[in-house]
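Trainee: quick check, what structure comes out for this input:
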Amino acid sequence: MTDFIKGQVVESYQRDVYLGILLHREIDSFTDRHPKVAESKQRLWQRHRHYSAVVVDIFYDHFLAKNWPEYSLTSLEDFACHAYSTIQRFDNLLPQKAKQVLPHMIANNWLVNYGKLEGINRAMQGMARRASFHSSMENAIEDLENDYEKFEKDFGIFFPELAAHSITYLQKIEKTDLFQQR
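Mentor: Next up, the predicted model:
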């Protein structure tokens, strides 16, 4: 949802949705500044240029899905079902573009299928078709396969730091006046 909301966050969203939007933006900001993410993007820069950040994001989604049991006691399948049903319950809050993407996300079970190379390849093919400029994302699976261990190592260092940062951010923001009043 947050990827489709530009500019200022509309404060009319209920507290938890508003907090989720702020957290998503903080995660994006932390990710953009992280040195391991920068290393991963640099590995892809020659072929994918400005799309290297998008490619890394999808690669990291793969490693999260593939290694899900290391990060959660809930199975990825159960988490995905819960996530999809939660998003559907809040359909009235979704921007139009998110409403268009959601049926494809559910039908193709993106959250689970990102754990497989075929799922990542399918995602990259679709993104390459929709890209405004030449991206070479249709070939990104080759980059993942060629440097799989390096990308997985980068992710393994990055993700625990992201999780810890997210917890700290939530604790900090929930103490602010903004959330005391909501």
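
Trainee: helices of this protein, start to end?
Mentor: Counting by DSSP state H, the chain has these helices, from start to end: 15-33, 35-48, 52-66, 76-89, 96-107, 110-113, 117-130, 140-146, 148-174, 177-180.

Trainee: list the buried ones in stretch 169-179?
Mentor: Within stretch 169-179, the residues scored as buried using 16 or more other CB atoms under 10 Å are residue 169. Backbone N, C-alpha and C define where each C-beta goes, glycine included.

Trainee: now it, how far from the centre of its chain.
Mentor: Taking CA atoms, centre = their mean, to the nearest Å, the mean C-alpha location of stretch 169-179 is offset from the chain mean by 23 Å.

Trainee: C-alpha coordinates for it, CSV please?
Mentor: Output for stretch 169-179, consisting of C-alpha atoms alone and laid out as CSV, is shown next (Å, rounded to 0.1, in the frame of the first residue of the first chain):
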residue,chain,number,x,y,z
TYR,A,169,11.8,2.9,15.5
LEU,A,170,8.4,1.6,16.6
GLN,A,171,9.2,2.0,20.2
LYS,A,172,10.4,5.6,19.6
ILE,A,173,7.5,6.7,17.5
GLU,A,174,4.9,5.2,19.7
LYS,A,175,6.2,7.4,22.6
THR,A,176,5.7,10.6,20.5
ASP,A,177,2.8,13.0,21.1
LEU,A,178,1.4,12.1,17.7
PHE,A,179,0.5,8.6,18.9
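
Trainee: can you tell me what sits against it?
Mentor: The set of residues that contact stretch 169-179 without belonging to it, under CB atoms under 8 Å, 6 or more residues apart in numbering, is 15, 19, 22-23, 26.

Trainee: of these, just the buried ones, PyMOL syntax please.
Mentor: Only the buried entries of those go into this PyMOL selection, using 16+ other CB under 10 Å:
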select buried, resi 19+22+26
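
Trainee: including distance to residue 173 and pLDDT, could the contacts of stretch 169-179 go into a markdown table?
Mentor: Converted to a markdown table, the contacts of stretch 169-179 look like this (distance: CB to CB, whole Å; pLDDT from 0 to 100):
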| residue | distance to residue 173 | pLDDT |
| --- | --- | --- |
| 15 | 11 | 82 |
| 19 | 7 | 86 |
| 22 | 6 | 88 |
| 23 | 8 | 92 |
| 26 | 8 | 95 |
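
Trainee: sweet, I'm off.
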